[in-house]
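S.K.: Quick one, what's the 3D model for this:
(chains A and B)
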Amino acid sequence: MYTFADRDGTSYTLRPEGTASVARAVVENGLFGGTMPLKLFYIINCFRHERPQAGRYREFYQFGAELFGAESPAADAELIMLAHDFLKALGIGNTTLHINSIGCPKCRPHYKEELVKYFSLKKERLCNTCQSRLETNPLRILDCKSPICREIAENAPKTVDFLCDDCKNHFEGLKSRLKEVNIGFQVDVNIVRGLDYYTRTVFEFISTGIGAQSTVCGGGRYDGLVHQIGGPELSGIGFAAGINRLALAMETGSAYVESDEGPDLYIAAIGENASIKAAGLCAKLGELGLVCETDLVGRSLKAQMKYANKINSAFTLILGDGEISSGSAQLRNMKDGQQTDVDLSNAESIFKTVKREDV
RNA sequence: GUGGGUAUAGCUCAGUUGGUUAGAGCGUCAGGUUGUGGCCCUGAAGGCCGUGGGUUCGAGUCCCAUUACUCACCCCA
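M.R.: Okay, here's the model as predicted:
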């Protein structure tokens, strides 16, 4: 985490994620006393003092949703559906949903024991980092990237085999609801998530092609958290998605389309008089709702036409001394090159002509 | 925190075993006759070669340091 002292020597820490803050807000503002379930969302910036790499910045933005006061697997299913629909709406394809259950304080300690027992027997073959993980965070060995560790982990005891009856039923309830709404998933016993406060359901949407940081959205149930930070017993489940990483996934997929929209009208003005008139006409048409531009750098007509083409203007109006005295000018459709006469004193009709033909 | 890679024009990049005024493509700007874009042609502008040391007659090129960027490890909330 980013921790530093200010001028008074007071220690500050920048938030690394959102869930704990939301839980704190629920406790501090007594939201647990209201109607349940409680559904919240947030969009925040967060900071982590890790070395940046693809899909990971030291400052990043996170979107998240939390649901409090519902223990039923129906809540887990609803939240996963929300995340699923959210990704779909953004056009992010190529994601797979991985789910797992890591049990509760009743059954997890037993599992952890068995896991440490298993890995300790093969300690010699584990990579260096995993040997130390055996002490600090044995669950993490399960998603080590080293091929040897991965091979060893394949036969490791699985969380789902150690679930108590309540947890087992809960997990089954979630799976049948996901099937009911046709959301594809795979049970991935290696999804563990990092924090101790997680209970039962954990899940990740994983995307391919965006680098090593491939989890595009992740979350889980944290039934003990609110109580742990001083609130009442209140169950909770949520997910969060890094907005920068979502953008990355949108770019590598085909979801991201750059807009090449130009203004509705460019007024090519020849000479000082015309330039003044053009500015006035621009303002008038702008008030009517037309996106309108004119020359600001004193270019020749030809150069102005080139410019109008480059900025992808839908129409160009050619304005010189002759047009000003006659009161009418040529309006050119840049798509097909067709030109029509328009009445300069009637901004309304210019507006209509541009709008009608600009379909 | 650890390791690798990169740094040259606005952008993407060339630049030989160290050798004279550092290049290309794209972009920008201006022209290609008198008031009309896209294609094409011509020309111009634009570089402390990331920064600071060192080696050398001579450094974009070699060495050291430093900074930034980047990828991976780590971590993953």
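
S.K.: Chain neighbours aside, what residue packs nearest to residue A:299?
M.R.: Spatial nearest neighbour of residue A:299, excluding adjacent residues (Cβ to Cβ, 6 or more residues apart in numbering): residue A:307 at 6.5 Å. In short, each C-beta sits where N, CA and C put it, glycine included.

S.K.: May I have the phi/psi pair for the one you found?
M.R.: phi -60, psi -50 (degrees, to the nearest 10).

S.K.: Quick check, residue A:38 in contact with residue A:30.
M.R.: No. Here residue A:38 does not reach residue A:30: they are 11.3 Å apart, not a contact under Cβ atoms under 8 Å.

S.K.: which of those two has more neighbours?
M.R.: Comparing residue A:38 with residue A:30 by neighbour count (other Cβ atoms under 10 Å), the higher total belongs to residue A:38, at 16 against 9.

S.K.: With RNA strand B in mind, check whether stretch A:226-243 reaches it.
M.R.: Yes. Applying Cβ under 7 Å from any atom of the strand, one finds that stretch A:226-243 is in contact with RNA strand B at residue A:240.

S.K.: sorry, that was for stretch A:62-75
M.R.: No. If you take Cβ under 7 Å from any atom of the strand as the test, stretch A:62-75 misses RNA strand B, and the best it gets is 8.2 Å.

S.K.: How far does that stretch sit from its chain's centre?
M.R.: Here stretch A:62-75 shows a centroid-to-chain-centroid distance of 18 Å under the convention Cα atoms, centre = their mean, to the nearest Å.

S.K.: Repeat that for stretch A:142-158.
M.R.: Using Cα atoms, centre = their mean, the mean C-alpha position of stretch A:142-158 is found 30 Å from that of the whole chain.

S.K.: Flag every buried residue along stretch A:242-251.
M.R.: With burial defined by 16 or more other Cβ atoms under 10 Å, the residues of stretch A:242-251 counted as buried are A:242, A:244, A:245, A:246, A:247, A:248, A:249, A:250.

S.K.: neighbours around residue A:12, how many?
M.R.: 9.

S.K.: repeat for residue A:186
M.R.: Here the neighbour count serves as a burial measure; for residue A:186 (other Cβ under 10 Å) it reads 11.

S.K.: Model confidence score at it, please.
M.R.: Reading off the per-residue confidence, residue A:186 sits at a pLDDT of 94.

S.K.: Repeat that for residue A:21.
M.R.: For residue A:21, the model assigns a pLDDT of 92.

S.K.: right, and it touches residue A:13 too?
M.R.: No. In this structure, residue A:21 is not within contact of residue A:13 by Cβ under 8 Å, at 11.7 Å.

S.K.: which one of the two has more residues nearby?
M.R.: When residue A:21 and residue A:13 are compared for neighbours, residue A:21 comes out ahead with 15 against 10, by other Cβ under 10 Å.

S.K.: in a helix, that's where residue A:273 is, yeah?
M.R.: Yes. Counting by DSSP: H, G, I helix; E, B strand; the rest coil, residue A:273 is part of a helix.

S.K.: residues touching it, list them.
M.R.: Neighbour list for residue A:273: A:321, A:324 [criterion: Cβ atoms under 8 Å, 6 or more residues apart in numbering].

S.K.: Quick check: it vs residue A:297, distance?
M.R.: 17 Å (Cβ to Cβ, to the nearest Å).

S.K.: And for residue A:133?
M.R.: Using Cβ to Cβ, residue A:133 is found at 63 Å from residue A:297.

S.K.: do residue A:172 as well
M.R.: With distances defined as Cβ to Cβ, the gap from residue A:172 to residue A:297 amounts to 70 Å.

S.K.: ok, these two, which is more surrounded?
M.R.: Neighbours were tallied for residue A:172 and for residue A:297 using other Cβ under 10 Å; the higher tally belongs to residue A:172 (13 against 7).

S.K.: can you tell me how far that one sits from RNA strand B?
M.R.: With distances taken as Cβ to the nearest atom of the strand, to the nearest Å, residue A:172 is found 24 Å from RNA strand B.

S.K.: And for residue A:298?
M.R.: Residue A:298 sits 8 Å away from RNA strand B, going by Cβ to the nearest atom of the strand.

S.K.: Tell me the confidence at residue A:48?
M.R.: Confidence at residue A:48, expressed as pLDDT, is 90.

S.K.: Secondary structure element for residue A:309, which one?
M.R.: Using DSSP states H and E, the secondary-structure element containing residue A:309 is helix A:301-310.

S.K.: Average pLDDT for that helix, rounded please.
M.R.: Averaged over helix A:301-310, pLDDT sits at 95.

S.K.: Please apply the same query to stretch A:103-119.
M.R.: The average of the pLDDT scores along stretch A:103-119 is 89.

S.K.: Give me the contact list for that stretch.
M.R.: For stretch A:103-119, the external contacting residues (Cβ under 8 Å, 6+ apart) are A:102, A:126, A:130, A:134, A:138-139, A:141, A:152, A:156-157, A:159, A:162-164, A:166-167, A:199-200, A:223-224.
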